[in-house]
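Peer 1: Got a sequence here, can you model it:
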Amino acid sequence: MEQQIIKTEYSEVMQQSFIDYAMSVIVSRALPDVRDGLKPVQRRTLYDMHILGTTYNKPYRKCARIVGDTMGKFHPHGDSSIYEALVVMAQEFKKGQVLVDGHGNFGSIEGDGAAAMRYTEARLEKITQEAFLADLDKEVIDFMPNFDETEKEPEVLPVKVPNLLINGAEGIAVGMATSIPTHNLKEVIDGAIAFLKKPDMTLDELMRYIPGPDFPTGGIVINKDELRDIYETGTGRIRLRGRVEVEKARGGREKLVITEIPYTMIGVKIGKFLNDVYQLVETKTTNDIVDIVNESSKEGMRIVLELRKGADTENLINMLYKKTRLEDTFGVNMLAVAQGRPETMGLVTIMEHFTDFQYDLATRKYSYLLGKEQERREIQEGLIEACNVIDLIIEILRGSKDIKNVRACLTTGATDGIRFKSAASKRQAEKLRFTEKQANAILEMRLYRLIGLEVEALMAEHEETLKKIASYEEILNSHSAMTRAIIKELKAFAKEYARPRRTAIENGREAVFEEKKMEEMPIVFLMDRFGYSRTVDVPTFERNRDSAIAENKYVFQMMNTDRLCVFTDTGRMHIVKAQDIPYGKFRDKGTPIDNVSNYDSAKEQIVYVCALSYAVCSKLLFVTKQGMVKIVDGSEFDVASKKTVAATKLGDGDSLLLADTVTGGEHLVLQSEAGYFLRFVIADNVPEKKKGAVGVRGMKLAAADSLAKAYVLSDMDIVIDHNGKETHLNRMKIGKRDTKGVKR
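Peer 2: All right, here's what the predicted structure looks like:
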């Protein structure tokens, strides 16, 4: 067969392919459906557990079995994503209402991961069976083929409660992300009931029932007045605080006990919080905290801060809110899939989608039930009629050669091939007009059904069937009747699964922390060649002067209220407060300068470090690898609050080689990669420029050459090793800037 090459525009193929991929991730993996509030992996996991029969009243099943079955049938995207979804649905500290009953180690609020799925077990929660999966057998939702078209899976689960609001959602898609907070089940159901009664309800009316989020970790929402805008637009920031209580301790002292944390602090951030409190003590920001103890357990959160006698507890609480994650923000973006498209929705829109879904479920459910009851009525009426003519039916059975003749006689009155005892019986048989279903039921009827009590029970059952049919027809034919039916179910769920609100909502005052003024004192900054930094007091440095100078790359004295300038080869200057650098013993290792600044050792290298107060009072010399030089007045680096500024402008492909404070009387020696040296007087050759200027050329370099080193010479002789020989830089001939120099 001849090959056919189709030519197409590459950019168009890439664009279309990316759009297809993005929509697949958005709709099929990352975002929840507004109707059931579940992402595909959650929906498939719950449905698979339903198929496996892991109900709340049956033994637990191994999670590995559930994960493997889900992956093999419905979700071929790896076991880790399925198990992670399963674990999260079982964690009380992450979900407003857990959907899976986990047995074993399912992780902790402090960030401990769940045990491997071969060790843990799970089964469905009762509410999951009743409110999420109960009506799957009533044709209330559509099924679609799975990935290999060997199974059928539900497009959406028939969830009867507003799960999107109750459990919230978090997910990152392509170019968009969702972040929906959890809410109180009772409040959300009450809001849904009110909305069903009044579909044109305004947001303010709805918020009387749903005043705000309810996080499983409790805490306090402190921007109550901003919640309306968040619920109207579907986006915004919720400000959260942990709950701090003051308890009495022995000796007349007090202690602060953190009993609830912001939802955003779940996991490793609890350890980060403890470390932040420790740093506040280490940096002398507060002297009132004596000890930090994490007494949290399965019973609840309890982090205890032991205080000194006479400590200002209110000021300390405000310090925790200001300086740590005990006060944090939860970014809200209520994005979900509605009618196959991602949409950011407000509270009213979400409730509209939910109620529309409930009416659709109810219509399909009661239509199915009505059909079943009508079938049952048809059969019951046939059996009742059969009991009235049972002698005739027995005569037909005894006079027939096969079942085919009997069925034909019962349904159409055909008497051919049937022997009757009398002509009257035959005429009576010719009048029979049972339906096919009635005929089958009569033929399958057992003789004991002819007992008087059994006939009475059949009549009572028929009466009950007629009542159900009338009830279902009323629901289907009356919008108000259907609304009442939905509300009845919602009230039942609220009654059984309601729990008290855990998160308080208020307009909190801004935390005002009066930081005690630090007692100003001289310290010595030490940083080794690996970037580990620390400060020590002057007496400690003097006792260890020789070791300090030998072991560290940068050693200088500064005040503890000063700031540090870190110049890097990218031409940037990072500013670090001296108080942020660990202060302690001489033999302490210190901390990497990366940890206390914006400096990134993976992307840039340190060129020069000095105290900001020293730099401001000095002139700074800059030399780049492409041979550009300039002097900048240090006052240009006196910035108030920024942590990173541009120290100098660099040309394309250039980098900073040297930065140093100079008086102007020094000499500068430039050494190129090709072995050229040039020495000249800084004051006579290097002009003063603004930090935003590139500078002037210090040395003429060949096309492929660049500077390897730059040295500032004062009175001290500098000896370097060049090509295996000692080279005294102070003995070099003095030249002029912008010359080629001398090759050595």
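
Peer 1: Does the nearest residue to E688 once chain neighbours are set aside fall in a helix, a strand, or a coil region?
Peer 2: With sequence-adjacent residues excluded and distances taken as CB to CB, 6 or more residues apart in numbering, E688 is closest to I631, at 4.6 Å. Placement of C-beta: from N, CA and C, glycine included. Following DSSP: H, G, I helix; E, B strand; the rest coil, I631 is assigned to strand.

Peer 1: close enough to count as contact, I631 and S618?
Peer 2: No: counting by CB atoms under 8 Å, I631 does not reach S618; the two are 10.1 Å apart.

Peer 1: Identify the contacts common to those two.
Peer 2: Residues touching both I631 and S618 by CB atoms under 8 Å, 6 or more residues apart in numbering: V662.

Peer 1: residue ranges for the helices of the stretch 301-450 of the chain, please.
Peer 2: Counting by DSSP state H, counting those that start in this stretch, the stretch 301-450 of the chain has helices at residues 313-323, 347-388, 390-399, 403-412, 423-430, 436-444.

Peer 1: got a list of what the residue nearest to E688 touches?
Peer 2: K619, L620, L621, F622, V662, G664, I682, V686, P687, E688, K689.

Peer 1: Please repeat the previous calculation with a cut-off of 6 Å.
Peer 2: K619, L621, V686, E688 (CB atoms under 6 Å, 6 or more residues apart in numbering).

Peer 1: Columns secondary structure and neighbour count on top of those, output as JSON lines?
Peer 2: Shown next, in JSON lines, are those (DSSP: H, G, I helix; E, B strand; the rest coil; neighbours: other CB atoms under 10 Å):
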{"residue": "K619", "secondary structure": "strand", "neighbour count": "19"}
{"residue": "L621", "secondary structure": "strand", "neighbour count": "23"}
{"residue": "V686", "secondary structure": "coil", "neighbour count": "23"}
{"residue": "E688", "secondary structure": "strand", "neighbour count": "11"}
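
Peer 1: for those residues, which one is nearest R587?
Peer 2: L621 (34.7 Å; CB to CB).

Peer 1: okay but the closest one is in contact with T661, surely?
Peer 2: No: contact between L621 and T661 fails when scored by CB atoms under 6 Å: they sit 7.6 Å apart.

Peer 1: So which of the helices of the stretch 301-450 of the chain is nearest T540?
Peer 2: Here helix 313-323 is closest among the helices of the stretch 301-450 of the chain (CB to CB), at 27.5 Å.

Peer 1: Now the closest one: buried residues?
Peer 2: Neighbour-count burial for helix 313-323, counted by 16 or more other CB atoms under 10 Å, picks out N315, L316, I317, N318, M319, L320, Y321, K323.

Peer 1: and this structure, what are its domains?
Peer 2: Split into domains by automatic domain parsing, the chain comes to 38-158, 243-325, 355-496, 522-743.

Peer 1: where are the low-confidence patches of the stretch 451-600 of the chain?
Peer 2: Residue ranges of the stretch 451-600 of the chain with pLDDT under 70: 452-453, 513-518.

Peer 1: residue ranges of the helices in the stretch 501-650 of the chain, please?
Peer 2: With helices called from DSSP H, counting those that start in this stretch, the stretch 501-650 of the chain shows them at 538-543, 545-551, 612-616.

Peer 1: The stretch 51-200 of the chain now?
Peer 2: Using DSSP H, counting those that start in this stretch, helices in the stretch 51-200 of the chain cover 63-73, 79-88, 126-131, 163-166, 185-197.

Peer 1: residues making contact with stretch 573-583?
Peer 2: 283, 533-535, 560, 562-567, 590-591, 596-599, 643-645, 647.

Peer 1: Just the buried residues from the residues you listed, in PyMOL please.
Peer 2: Here is the PyMOL command that selects only those of these that count as buried (16+ other CB under 10 Å):
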select buried, resi 283+533+534+535+560+562+563+564+565+566+567+590+591+596+597+599+647
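
Peer 1: Against V41, how distant is E510?
Peer 2: Going from E510 to V41 by CB to CB, to the nearest Å gives 41 Å.

Peer 1: More neighbours: these two, which one.
Peer 2: The neighbour count for E510 versus V41, taken as other CB atoms under 10 Å, is higher for V41 (23 against 9).

Peer 1: secondary structure class for the more buried one?
Peer 2: Three-state assignment for V41 (three-state DSSP): helix.

Peer 1: Next up, the contacts around it.
Peer 2: Contacts of V41 (CB under 6 Å, 6+ apart): H75, S81, I82, A85.

Peer 1: same question, S714
Peer 2: Residues in contact with S714 (CB under 6 Å, 6+ apart) are E666.

Peer 1: Try it again at 10 Å.
Peer 2: Going by CB atoms under 10 Å, 6 or more residues apart in numbering, S714 touches V662, T663, G665, E666, H667, N730.

Peer 1: and if you look at G634?
Peer 2: G634 makes contacts with 565, 610, 612-620, 661, 691, as judged by CB under 10 Å, 6+ apart.

Peer 1: Format those residues as JSON lines; extra columns: distance to R65.
Peer 2: Formatted as JSON lines, these follow (distance: CB to CB, whole Å):
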{"residue": "C565", "distance to R65": "60"}
{"residue": "C610", "distance to R65": "64"}
{"residue": "L612", "distance to R65": "62"}
{"residue": "S613", "distance to R65": "67"}
{"residue": "Y614", "distance to R65": "68"}
{"residue": "A615", "distance to R65": "65"}
{"residue": "V616", "distance to R65": "68"}
{"residue": "C617", "distance to R65": "72"}
{"residue": "S618", "distance to R65": "71"}
{"residue": "K619", "distance to R65": "73"}
{"residue": "L620", "distance to R65": "68"}
{"residue": "T661", "distance to R65": "69"}
{"residue": "K691", "distance to R65": "65"}
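
Peer 1: Check these and tell me the two furthest apart.
Peer 2: Longest span within the contacts of G634, CB to CB: S613 and K691, 17.7 Å.

Peer 1: Comparing these two, which residue is more hemmed in?
Peer 2: K691 (19 against 16).

Peer 1: in terms of contact, does that one touch R572 like I think?
Peer 2: No: K691 is beyond contact range of R572, at 11.1 Å (criterion: CB atoms under 10 Å).

Peer 1: Lovely, talk soon.
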